[in-house]
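>>> return a 3D structure for these sequence lines:
(one chain, ligands or ions: 1)
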Amino acid sequence: MLILEQVRAGYGAINVLWDVSLAVAAGSLTTIIGPNGAGKTTLLRAIMGLLPVSHGAITLNGKPLAGMPTWGMAGLSVAMVPEGRMTFRDMSVEENLIMGGFPKAHRAHVARRLEEAYAMFPRLRERRRQLAGSLSGGEAQMLAMARGLMSDPKLLIVDEPSLGLAPLVVNEVFEILARLKDGSRTIILVEQNTQRAVAVADHVYLMQSGKVVLSQAAAEVNLEHLHGLYFAR
Ligand code: ATP
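Modelled structure (predicted):
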């Protein structure tokens, strides 16, 4: 569904991604893991059109994404759940969700989508009138994921959802990711929690210093080997 071929991108004169190639199969959950500074966020920015690609190509369902403005991505049925959640703190839970459904031609379906979101995240229904800024870290992450789903994206990109969350809440986040993996959407998950990410994924890419150093079916990943590569400098 999403293919990157030999992609180079960075910030001005500083190149960060070095010939990154990856292929994300439709309906799969692909995880991109790697230590701090490996280039994971930079890779997501390149996919989302937030950074120019200086070399190589990115295609979504066979169509090149180069030059596609970020706001055009929603029309391509791509949604991103950013690191740090980025909810609108002074708006209620429900208002945040409605904002997530906004960019799509599906505005008429907002009520149904809200119902689906509340069915998947019952705690958000209980807190629908509460300001997003007063939610716990775990609830805010649920809200960010629910908002990402409001446009019913075919490709959902989730950036470090477990960051800063207590272990029990991390369990909940991964349970939800496992439930979202029902074949009806493609998911890209960027994570530092390698063990959990590999457990939920179909395919694993490990990045190190702006390069892909491992690409493997999750079922074949040897965690010890993976950690060896992960911590290699
Ligand atoms: P983390 O897990 O810490 O978020 P990451 O794998 O997402 O790390 P990136 O944030 O993509 O890594 O950073 C990759 C490299 O790009 C780092 O060396 C970082 O210093 C550099 N970098 C990131 N943002 C910028 C920027 N705005 N300008 C210049 N360099 C940047």
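>>> wait, is Val7 part of a helix?
No: counting by DSSP: H, G, I helix; E, B strand; the rest coil, Val7 falls outside a helix, being strand.
>>> that one against Thr59, yeah?
No: Val7 is beyond contact range of Thr59, at 10.8 Å (criterion: Cβ atoms under 8 Å). The way it works is simple: take the backbone N, C-alpha and C, and place the C-beta from them, glycine included.
>>> these two: who's more crowded?
Taking neighbours as other Cβ atoms under 10 Å, Val7 and Thr59 compare with Val7 leading, 22 against 14.
>>> and the pLDDT at the spatially most central residue of the chain?
By Cα atoms, centre = their mean, the chain has its centre lying nearest to Val158, at 1.8 Å. Val158 carries a pLDDT value of 94.
>>> quick one, phi/psi of it?
With angles defined as degrees, to the nearest 10, Val158 sits at phi -120, psi 120.
>>> for the closest residue to it other than its chain neighbours, give its distance to Arg147.
Spatial nearest neighbour of Val158, excluding adjacent residues (Cβ to Cβ, 6 or more residues apart in numbering): Val81 at 4.5 Å. Separation of Val81 from Arg147 (Cβ to Cβ, to the nearest Å): 8 Å.
>>> and Asp19, by the same measure?
Counting by Cβ to Cβ - Asp19 and Arg147 are separated by 34 Å.
>>> settle it for me: which of the two has more neighbours?
Arg147 (25 against 14).
>>> give me the below-cutoff pLDDT ranges for the protein.
Scanning the chain for pLDDT under 70 picks out the ranges 66-67, 74, 101-107, 233.
>>> the ligand contacts on that one?
Applying Cβ under 6 Å from any ligand atom, one finds that the chain approaches the ligand through 11, 14, 16, 34, 36-42, 192.
>>> show me which of those are buried.
Buried members of those, counted by 16 or more other Cβ atoms under 10 Å: 16, 34, 38-42, 192.
>>> those in strands, which ones?
Val16 (DSSP state E).
>>> so which of the buried ones among the residues of the chain next to the ligand sit within helices?
Among those, the ones falling in helices (DSSP state H) are 40-42.
>>> now for the residues of the chain next to the ligand: which two are most distant?
Largest separation among the residues of the chain next to the ligand by Cβ to Cβ: Ile14 and Gln192, giving 22.4 Å.
>>> what about the helices in the chain?
Going by DSSP H, the chain shows helices at 40-47, 93-101, 110-120, 122-126, 137-149, 167-180, 194-200, 223-231.
>>> tabulate these (TSV), appending distance to Val212.
Converted to TSV, the helices of the chain look like this (distance: least, Cβ to Cβ, whole Å):
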stretch	distance to Val212
helix 40-47	9
helix 93-101	31
helix 110-120	32
helix 122-126	35
helix 137-149	25
helix 167-180	22
helix 194-200	15
helix 223-231	11
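>>> among the ones you listed, which is nearest Gly72?
Comparing these under Cβ to Cβ, the one sitting nearest is helix 40-47, at 12.8 Å.
>>> what's that closest one packed up against?
If you count contacts as 3 or more Cβ pairs under 8 Å, 6 or more residues apart in numbering; DSSP states H and E, helix 40-47 packs onto strand 2-11, strand 14-24, strand 29-33, strand 53-60, strand 155-159, strand 186-191.
>>> for the residue lying closest to Leu50 once chain neighbours are set aside, give its distance to the ligand.
Of all residues not flanking Leu50 in the chain, Thr70 sits nearest, at 5.7 Å (Cβ to Cβ, 6+ apart). Remark: distance between Thr70 and the ligand (Cβ to the nearest ligand atom, to the nearest Å) = 16 Å.
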